[in-house]
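>>> Pasting a predicted model and its sequence here:
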Amino acid sequence: MADVLTREQRSFNMSMIKGSNTKPELALRKALYANKVRGYRIHPAITGKPDIVFRKKKLAVFVDGCFWHKCPKCFTKPVTNKTFWVKKIESNITRAKIVNASLKKEGWTVIRIWEHEIRKNLNKCSLRILSRID
């Protein structure tokens, strides 16, 4: 199926997609705050720029989008511009693996949470983090 938007319109739409402070990420941070969790930083300048970091505990939390990181549960293949998207998504997956390995080598614990997990059970996701910082 051909794209119904012009190249310029599609480019504009894609440029508006945020890479930080996304709805799932904000929901997770609000849940942590509600559980009286403080002392974390967001998007610090460490390897991979995790979404949430607990420096004292050396815990890095990433909130991965189901499309952008090819969630095994709910990923849907792109319909248009397949070559570009497959290459882009595969490079995201490869980069995530490299970042995980690098952080673990530096002594960090890495938690990756899928976007759909936050939507389905936010409390379980925040408890996963709480169990690591206690």
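Ah, there it is. Numbers count the residues shown, from 1 in each chain.

>>> Please count neighbours and contacts with C-alpha atoms only from this point.
Fine.

>>> where along the chain do the helices fall?
All helices of the chain, identified by DSSP state H, fall at 7-15, 23-34, 82-105, 115-120, 122-133.

>>> Buried residues of the second one, list them for me.
Of all the residues in helix 23-34, those buried under the rule 16 or more other Cα atoms under 10 Å are 24, 25, 27, 28, 29, 31, 32.

>>> show me what contacts residue 30?
Going by Cα atoms under 8 Å, 6 or more residues apart in numbering, residue 30 touches no other residue.

>>> and what of the one 10 residues further on?
When contacts are counted by Cα under 8 Å, 6+ apart, residue 40 is found next to 52, 53, 54, 55.

>>> now residue 52
By Cα under 8 Å, 6+ apart, the neighbours of residue 52 are 40, 41, 42, 43, 60, 61, 62.

>>> And the pLDDT for the residue nearest to the third one when sequence neighbours are not counted?
Among residues not flanking residue 42 along the chain, residue 52 sits closest, at 4.7 Å (Cα to Cα, 6 or more residues apart in numbering). pLDDT, the model's per-residue confidence, is 96 for residue 52.

>>> ditto for residue 61
97.

>>> My read is that it contacts residue 51, right?
Yes - counting by Cα atoms under 8 Å, residue 61 does reach residue 51; the two are 5.9 Å apart.

>>> on that earlier part again, next, format the contacts of residue 52 as a markdown table and append distance to residue 13.
Listed next are the contacts of residue 52 as a markdown table, based on distance: Cα to Cα, whole Å:
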| residue | distance to residue 13 |
| --- | --- |
| 40 | 32 |
| 41 | 29 |
| 42 | 25 |
| 43 | 24 |
| 60 | 30 |
| 61 | 27 |
| 62 | 24 |
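
>>> which one of those residues has the most neighbours?
Compared across the contacts of residue 52, residue 60 has the highest neighbour count, 29 neighbours, by other Cα atoms under 10 Å.

>>> do you know how far that one is from residue 70?
For residue 60, the distance to residue 70 (Cα to Cα, to the nearest Å) stands at 20 Å.

>>> do residue 85 as well
Following Cα to Cα, the distance that separates residue 85 from residue 70 is 11 Å.

>>> Between these two, which is the more surrounded one?
Each of residue 85 and residue 70 has its neighbours counted (other Cα under 10 Å); residue 70 has more, 19 against 15.
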